[in-house]
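Undergrad: I'll drop the sequence and a predicted model, then ask my questions.
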Amino acid sequence: MSSSLLRRNLRLCTYDGVVATPIVYLLQPGNFIIAALLVELFHLPPELYGLIVALPFMGNFAQAFLMPFLNVRLSPKSVSVVSSSLQALCWTALALSLPFLPADHPEISGRWLLAIFAVSAAVTSLTGVSWTSWVQEWMPVRLRGKYFGRRNRLLQVAQVLFLLVVGQLFHRLSGSVAAFQLLLLGAVFLRVGSVVFQHKIQASTTELPPIETKTPWGEQLKALRNAPAFLWLVAYGAGWGFATSCFGPFVPVFMYKQLGLSVMDVSGLVVLASVGGALSSPAWGTLADRFGNKPVMLFCMIAWQLQNFFWCVLTPANTSLLYGMWIFGGIMGAGFVLSLFNIQLKIIPPEAKTLAISINLAVTSLVTAVAPIIGGLVLQYLLARGGSALTVYHQVFFVPPVLALLACLMLARVHEPLASPLASVAGAMRNIRTLGSLLGVSFLVDYIFVKPRSKP
């Protein structure tokens with residue numbers, strides 16, 4: 001691929017990500033906007049809400065059986081473009097149906113919402129796998145960390161702008177059905193634009209068919225069995241996914257019901273997390289390129305989960321803690337997500353990349369899909385027993401960080417070629433000084449992240 005074509009493709013890939021940001025955020029399981037739609041507007045019970053949250057993970061499991069057939073007949077680019085278009089149709093149907101759903105009969109509206117989210121989850125799972133496989137085909141390995149660090153910063157900026165619009169929209173329209181309709185239709189319109197940008201990306205006119213389409217399934221499975229780093233990463237993904245999804249999707253519900261926050265309040269907190277992620281993404285990309293993705297992931301995950309214990313002590317009287325929590329979580333989450341994406345591209349056997357991505361998503365999603373269903377049932381049972389709902393939430397929120405920290409033991413077993421020890425990342429965190437100055441804690445950042453020079 002020529003350098004001019006590569007630069008053009010990188011620009012189009014960035015444009016695709018920026019305009020797809022709204023719908024990508026809405027597709028995240030348990031995000032505060034969809035939580036407000038399902039719980040605040042249509043009053044769905046915890047068990048049904050947990051089931052809807054689990055649908056994207058179920059879709060990721062189902063795609064493992066569909067992608068091998070689609071991959072033989074269609075290129076990853078074709079699957080990505082078609083499934084993204086179907087995704088836009090699903091959300092158009094959701095937006096147009098909202099005025100006709102009875103808000104005071106959750107058993108009726110819940111069935112339609114469950115159906116439309118199920119279809120959306122199915123096509124979205126195909127989009128994610130095919131897009132990742134397609135990008136791996138044409139993007140050089142040497143550019144991935146730096147490029148995605150910069151790209152993620154732009155996506156975080158786009159997300160901040162989107163969330164600011166969401167906050168103002170819900171403030172002016174008081175969280176009405178019209179507010180949700182305008183929001184969803186706007187996201188669909190931008191999604192159509194992202195499909196156009198995807199279509200314009202050209203890998204190469206002389207590019208050979210993907211090697212995996214020529215390799216028998218048995219050989220591909222053998223290649224995956226002989227890749228222990230990939231197997232440990234799958235195991236870690238399953239453990240971390242269960243830890244995050246068991247009660248994590250109920251955090252927005254907790255903020256609405258127990259802390260008394262509005263959609264605009266929560267939107268402001270997510271903006272803070274996005275700002276932290278946007279400012280830190282380039283630094284994380286540089287650190288990942290220099291020291292490897294695994295040590296960055298471990299550092300970010302451990303720090304992230306330790307601060308999540310604050311959820312166990314939050315009350316309406318100390319909600320000011322949320323500002324620091326969301327900024328810190330945004331910084332650590334950005335480093336973790338960026339490194340997770342890059343390490344998958346790095347350790348997946350090239351002769352079975354789409355199958356590997358599909359199996360990874362299938363296994364992790366099967367475990368993760370069970371988590372919010374169990375969490376919803378447990379939460380509904382505990383709340384039905386009476387007593388303080390605030391105490392119930394504090395008790396269940398202790399579980400996710402404990403499980404996530406235990407899952408790091410599996411991540412430590414992943415072998416990444418040329419990766420540095422975890423301590424190297426902490427010693428190289430000088431880029432975080434800028435963030436420390438922004439937050440007013442530069443002295444603390446210097447103390448924690450900058451190694452003192454040894455005396456001569």
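TA: On my side now, so go ahead. Being a predicted model, the structure only gives us computed values, none of them experimental.

Undergrad: Looks like residue 18 contacts residue 152 (just checking).
TA: No. Contact criterion C-beta atoms under 8 Å: residue 18 and residue 152 do not qualify, at 10.9 Å. For glycine as for every other residue, the C-beta is placed from the backbone atoms N, C-alpha and C.

Undergrad: higher neighbour count, the two?
TA: residue 152 (24 against 20; other C-beta atoms under 10 Å).

Undergrad: what's the closest non-adjacent residue to that one?
TA: Spatial nearest neighbour of residue 152, excluding adjacent residues (C-beta to C-beta, 6 or more residues apart in numbering): residue 281 at 4.2 Å.

Undergrad: Show me what the helix or strand the one you found falls within is packed against.
TA: Using DSSP states H and E, residue 281 falls within helix 263-291. Using 3 or more C-beta pairs under 8 Å, 6 or more residues apart in numbering; DSSP states H and E, the elements in contact with helix 263-291 are helix 32-35, helix 141-173, helix 251-257, helix 293-307, helix 321-347, helix 422-427, helix 433-439.

Undergrad: May I see those helices organised as a markdown table, with distance to residue 42 and mean pLDDT added?
TA: Output for those, formatted as a markdown table (distance: least, C-beta to C-beta, whole Å; pLDDT from 0 to 100):
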| stretch | distance to residue 42 | mean pLDDT |
| --- | --- | --- |
| helix 32-35 | 11 | 92 |
| helix 141-173 | 16 | 84 |
| helix 251-257 | 13 | 94 |
| helix 293-307 | 31 | 91 |
| helix 321-347 | 26 | 87 |
| helix 422-427 | 44 | 42 |
| helix 433-439 | 38 | 37 |
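
Undergrad: Between those helices, which one is closest to residue 78.
TA: Proximity to residue 78 (C-beta to C-beta) singles out helix 321-347 among the helices and strands packed on helix 263-291, at 20.5 Å.

Undergrad: which strands and helices sit next to the closest one?
TA: Helix 321-347 packs on helix 106-138, helix 141-173, helix 228-247, helix 263-291, helix 293-307, helix 433-439, going by 3+ C-beta pairs under 8 Å, 6+ apart.

Undergrad: if you set the cut-off to 6 Å instead, what comes out?
TA: helix 141-173, helix 263-291, helix 293-307 (3 or more C-beta pairs under 6 Å, 6 or more residues apart in numbering; DSSP states H and E).

Undergrad: quick check, distance from that helix to the centre of its chain.
TA: Offset of helix 321-347 from its chain centre (C-alpha atoms, centre = their mean, to the nearest Å): 9 Å.

Undergrad: re earlier: out of the helices and strands packed on helix 263-291, which comes closest to residue 45?
TA: Using C-beta to C-beta, the nearest of the helices and strands packed on helix 263-291 to residue 45 is helix 251-257, at 10.8 Å.

Undergrad: Show me what the closest one packs onto, helices and strands only.
TA: For helix 251-257, the packing partners by 3+ C-beta pairs under 6 Å, 6+ apart come out as helix 32-35.

Undergrad: Could you rerun that using 10 Å?
TA: The contact analysis (3 or more C-beta pairs under 10 Å, 6 or more residues apart in numbering; DSSP states H and E) places helix 251-257 against helix 32-35, helix 263-291, helix 353-384, helix 389-396.

Undergrad: picking up where we left off before, can I get the helices and strands packed on helix 321-347 in TSV with distance to residue 201?
TA: What follows is the helices and strands packed on helix 321-347, written out as TSV (distance: least, C-beta to C-beta, whole Å):
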stretch	distance to residue 201
helix 141-173	14
helix 263-291	21
helix 293-307	25
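
Undergrad: quick one: which of these is nearest residue 76?
TA: Of those, the one closest to residue 76 (C-beta to C-beta) turns out to be helix 141-173, at 16.5 Å.

Undergrad: Just want the angle from the closest one to helix 263-291.
TA: Going by axes from the mean of the first three to the mean of the last three C-alpha atoms, to 10 degrees, helix 141-173 is angled at 170 degrees with respect to helix 263-291.

Undergrad: Lovely, talk soon.
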